[in-house]
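Colleague: Sequence plus predicted model, see below.
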Amino acid sequence: MSSNVGSAKKDKLVGDLVVNVALALLVLLWTIPTIGLLVSSFRDQFAIATTGWWTIFPHREWVTIKTIEPGAVERDQPIDVENIRATFDELREGVQSGDKRLVWIGNRRLGTIQVQEQEWTMNLDFTLENYQNVLTGKRYEVTQPDGSVKIEQGSDMSNAFLNSIAVSIPATVIPILIAAFAAYGFAWMKFPGRRMFFIMVVALLVVPLQIALVPILRDYVRLDLNGTFLAVWLAHAGFGLPLAVYLLYNYMSTLPRDILESAFIDGASHFTIFTRLILPLSLPALASFAIFQFLWVWNDYLVALIFIGATADTQVLTMRIAELVGSRGNDWHLLTAGAFISMVLPLVVFFSLQRFFVRGMLAGSVKG
Amino acid sequence: MKKNLWLLLAMLTAVIVVISACAPAPPAEEPAAEEAPAEEAAAEEPAAEEAPAEEAAAEEPAAEEPAAEEEAMASTGEGGYLDRALAGEFAGTTVTMMGPFTDEDEVKFNNAIADFEEKTGIDIQYTGTKEFEATISVRVDAGDAPDIVDFPQPGLAANFASTGDIVDVLSFMDVDTLRERYDDSWLDMAVVNGPNGPMMAGVWHRFNGKSLVWYPKDDFDAAGYEVPETWDDMLELTQMIADDGDTAWCVGIESGAATGWPATDWMEEVMLRTTSLENYDAWVTGDLPFSSPEVKNAAEQIGNIWFNDEYVLGGRAGIVSTFFGDAPNGMFEDPPRCWLHKQGNFITSFFPAGAEAGVDYDFFYLPPIDEQYGKPFLVAGDLMAAFSDSDETKAVMEFFSTGESVKGWLQAGGALSPHLDAQLDWYGDDVERGIAQLVQEATAFRFDGSDLMPGEVGAGSFWKGMTDWVSGSADLDTALQEIDASWPSNN
Amino acid sequence: MQGSEVKPKSASPLDWLTGTVGQIIISLFVPIFTFVVLWQGFIFLRDSDAPKIVIVLVAIVWGVGGVALLYFVSNWLIEKLSPFWVRTLQPFVFVGPAVAILAWYLLFPSARTFWISLFNSSSTEFVGLQNYVAVFTDRTMFTAFRNNILWILFGATFSVIFGLLVAVLADRSKFENAAKSLVFMPMAISMVGAGVIWNFIYEADPNIGLLNAIWTSLGGEPQAWTSLLQPWNNFFLIVIVIWLQTGFAMVLFSAAIKGIPGEILEAARVDGATELQVFFGIMIPYIMPTIITVSTTVVIFTLKIFDIVWVMTGGQFGTQVIATQFYREYFTNRNFGYGSAIAIVLLLAVVPVMIYNLKQFGEREAF
């Protein structure tokens, strides 16, 4: 008996170990790119363009300990240097002897022979400048007609951040509200056209939102809605609704039928059942959709661009970050920092909504 | 409420105009028309001096009834709207603009127009966007077009012109005025097919010189290489560098959704150097197919360099996967890993910070291949097109047709002016001044063909065909045939 | 409210009248008042010069509260009616707004797109199904279809599998929250950010590209993973979408797994079931509806995949998919007829998924 318990314990321990190791592997695989981004966001432009982000970890690298000027050495003949005889082409590839390596850096005309040794190094030249630039705005130097240089400070992120919040929160809550009502309707109410409307919802899941931009903008122009928050909320609501209805419907339809039945017997109306019973029970589904919708709206560029525009006053965070790429699209170092800053709020939302994913919520409330 | 406000504004403007018309005009220093050419004209022509001159000209139109019909203005021509704007007639109005440039360029642009805004009271609201094509397409189709759009590719503007969305420049500026401001070649390049025949889609605001090869000057000199004068010299130099153990060329055609465009530039350069200008023009308009021997020959010339792994840094894989802006980096390593880079003058803004012109890098003209075709120069530029026919829009458009509108940008660097009245000493950067001079000396210049071709080809199948060919997913004949097939049928 | 329906019987006609009139007035007043409040809010938001933070706060309260208020008021009005009308009308209060918004934002535009797809590139001439013929005979479209199938076969499948795997493993682990957050993180990264990250991985220069650094240290030649290695470059892009979408699947699976009553799992384990048996015997059947939901949505996402391809290769190098072809034709080339036809083909591709879901739907019984 006792040995049995012991082996069960051992099994559990092994099981836990397997689970955690497997999980750790997956998580590591998933995190490598993100780590790359994080590390890069602390490196300056030059470092990013010339060395890999992983060189911040200790690694063995050939380090030059001595540089020899080859002078007028005949390049077409084998060259004697540091007790080694090698041709130019061999030297270009690197010639190893003992722990040393000789490399010809450069071409036949210009160049030096470097004597290298392998050493453990880490590339730790980090900088906070990227974040500083992103947060406080870029500085532009503009030469004035009189030759003087005027420094213009780009706008900081606070305005764009606020705009993004003003867009994202209602654009998340509104479709959830509308979709929750509709999902309940599809799941638990009988009405003519139910099937047809549901087909519509599923079919519209695949419609690329780009096809809607022109007609919707035309309507907005007519209604004088363009450029308002309402316009962009409704647009996000419209584009997010099919998925919201579909996900919430699927969740609500799996709720046990007898909960509703007993509520009806108690004389509750659909509205009461929905607000008092179904909504609280659907919290995990609502929370998961809220996370996604928030992310999509937060990271959206096109819809906001079309419906509220990109002026300094109205632009959202993604637009500011897109601008960070620079006129020519090569300021990677700023983009990495920008990407991280814009990730903060979605992650906060994720963490705060994650607590709704706990076991036994349904069971508990059914009993209660 | 709003209507009343407008009425009030309109009345105020009218009053102001009448007052300014009655006020004695300051003496004119020189007629506006004479301002244009003469390179060696007075070193600095400060904006302050020009203003009175133009105000003087304003006397004439402003003296007319302020409410004069646009048609009348157009027929009298003579740049009426700009003068009226400078007279303050449109003060308090707003002109919205959209374009693909953002960030630093946006600052430079705003800086260049600030003076005009201050003088006229017209507020120019520019919005730059990275999703330019989709945004402009959606907004125009939905009836929410900005007043003026900056098109980096006139081919795209042509699409909008054909559907009648763009206001013909000739409807508010006359040809003579335009001739005074631009070389005829520029004007010809702005003519597109409108709904009712040929029209002028817009005015040129700034351009890029393309036919340039950049090289790391200090190392280049130290190595004893010499700037080639002919194509063959250049190929010899390429071979020489290869023999010395390096790859001569830095090439990168990766550019996200626009991957392939640097390859189309090469095609255009070689076309200009291996066949007649007539053939080039025919090629651009679709009359000379891609599958013709002329085009194929041009591609093969490029292939001779590009597909030799000893000649190009990173070989084919390097070409297709190197971001075009990162391509020149190899020149600035110590010692350089590649030595030559063909790209427009804008590339200098990609060079490492601190790289000094004339020391760390310099440029030469991409040499001619066949002497009989002279020294043609390839350019690309930004076309300002009007989507609104409001008076203030026309005034701003007319402003863009003057060198003054880009002067601040020339000073700040990063742009070249196509305007005849722009002076070489406006350039704040010796390199750019040198390029401007090169363009003036060129035997002929032609616009970037892919930018002029219809969007399907110039911003689609041409890019794709070149990438397919370079990456080996299609052979040259297939790639060229597919570009031909994508050419929109004339309907 | 329910009480008021009983009262009138015993009261005088006058009382009845005032009662009814009062009710009508209230019934009218409430929605009108609601409307006025909302309208004022809208005007404030549109025209106000108040500090940004105030506007933002008002916007949030107004937007969210307004929609809730509309539901509440319309339901309140409906519930004043007789039971028959309540039964008939109430479903439309629930479903109506969603259907109306969907119709406005997606259905009508889709219909319009279909209409445009029957015309030529500038929408001036009716060409019938010619654009569709062109879509199905074009070599580049053929590659796009092939790629989309690859995306679904590999991208969608692996996203679902990995999502499930992480959700199940995390459920058993003490580090659940940390693990889930890290796997979820890619979803929070904007597309531009994701593009940068993967460039650092796929870059051809082994000094900057991680994959090539590993590859060359194993003795390989540097590769241009996303461009030259056709058609395998598609798989390197698919890896990105798996990386992004696994978080999506994981969140939904995780929520579903939490819904499995703990007692059932405990009981099975006490009975000596192995973990695999628990997984396949209990968990999978229990969360089957979620698996179907997640698979459907992931398949549909993958079907209309656009951003990743656009950011990474712009649809070049044989990586084009249906959505990038649509975008190119419609916006860049302004070839409205052909572009619209591509979008409609995308819609048709979802029909099998739709039929399957409808079958599930038909089996339901409502109240």
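Modeller: Great, that's in hand. Numbers count the residues shown, from 1 in each chain, chains lettered A, B, ... in the order given.
Colleague: low-scoring stretches of chain C, by residue?
Modeller: C:1-14, C:16-19, C:48-50, C:363-367 (pLDDT under 70).
Colleague: Show me which residues of it sit near chain B.
Modeller: C:120-122, C:125, C:139-140, C:195, C:203-205, C:222-224, C:226-228, C:230, C:310-318, C:327-328, C:330-335 (CB under 8 Å from any CB of the partner chain). No exception for glycine: its C-beta is placed from N, CA and C like everyone else's.
Colleague: ok, the closest residue to chain B within chain C - contacts?
Modeller: Proximity of chain C to chain B (CB to the nearest CB) peaks at residue C:314, 3.3 Å away. Residues counted as contacts of residue C:314 (CB atoms under 8 Å, 6 or more residues apart in numbering or on different chains) are B:255-259, C:324.
Colleague: who wins for neighbours among those residues?
Modeller: Each of those was scored for neighbours by other CB atoms under 10 Å in any protein chain shown, and residue B:259 scores highest at 27 neighbours.
Colleague: Just give the nearest non-adjacent residue to that one, would you?
Modeller: residue C:316 (4.6 Å; CB to CB, 6 or more residues apart in numbering or on different chains).
Colleague: Confirm the one you found sits in a helix?
Modeller: No - assigned with DSSP: H, G, I helix; E, B strand; the rest coil, residue C:316 falls outside any helix and is coil.
Colleague: So what's the residue count around it?
Modeller: Using other CB under 10 Å: residue C:316 sits among 29 other residues.
Colleague: right, and it touches residue B:462 too?
Modeller: No - judged on CB atoms under 8 Å, residue C:316 makes no contact with residue B:462 at a distance of 11.9 Å.
Colleague: Report the set of residues contacting both of the two.
Modeller: Looking at what touches both residue C:316 and residue B:462 (by CB under 8 Å, 6+ apart), the common residues are residue B:260.
Colleague: So the chain: which segments form each domain?
Modeller: Here I'm looking at chain A. A:55-121, A:158-367 (automatic domain parsing).
Colleague: my question was about chain B
Modeller: B:2-14+B:81-208+B:380-445, B:210-378+B:448-486.
Colleague: between those domains, which gets the lowest average pLDDT?
Modeller: Of all the domains of chain B, domain B:2-14+B:81-208+B:380-445 carries the lowest average pLDDT, namely a mean of 85.
Colleague: does that one come close to chain C?
Modeller: Yes - under the criterion of CB under 8 Å from any CB, chain C is reached by domain B:2-14+B:81-208+B:380-445 at B:133-134, B:137-138, B:156, B:159, B:162-163.
Colleague: circling back: of all the domains of chain A, which gets the most neighbours per residue?
Modeller: domain A:158-367 (a mean of 21; mean count of other CB atoms under 10 Å in any protein chain shown).
Colleague: Format the domains of chain B as CSV; extra columns: distance to residue A:41.
Modeller: Formatted as CSV, the entries for these read as follows, by distance: least, CB to CB, whole Å:
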stretch, distance to residue A:41
domain B:2-14+B:81-208+B:380-445, 19
domain B:210-378+B:448-486, 19
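Colleague: Sticking with residue 353, tell me its helix or strand.
Modeller: This is for chain A. helix A:332-354 (DSSP states H and E).
Colleague: please go with chain C instead
Modeller: helix C:351-362.
Colleague: Would you pull up the residue in the stretch 51-200 of chain A closest to chain B?
Modeller: Closest point on the stretch 51-200 of chain A to chain B, by CB to the nearest CB, is residue A:106, at 3.6 Å.
Colleague: what about the residue nearest to that residue when sequence neighbours are not counted, how many residues close to it?
Modeller: Residue nearest to residue A:106 in three dimensions, not counting chain neighbours: residue B:335, with 3.6 Å by CB to CB, 6+ apart. Neighbourhood size, residue B:335 [other CB under 10 Å]: 17.
Colleague: Flag every residue of the stretch 101-250 of chain A that's near chain B.
Modeller: A:105-111, A:138, A:140, A:142-145, A:147, A:150, A:152, A:154, A:210, A:213-218, A:220-221, A:226.
Colleague: Inside helices: which ones of these?
Modeller: By the criterion of DSSP state H, membership of those in helices covers A:210, A:213-218, A:220-221.
Colleague: ok, and the closest non-adjacent residue to residue 334?
Modeller: Just so you know, I chose chain A. residue A:324 (4.2 Å).
Colleague: that's the other chain; I wanted chain C
Modeller: residue B:159 (4.8 Å).
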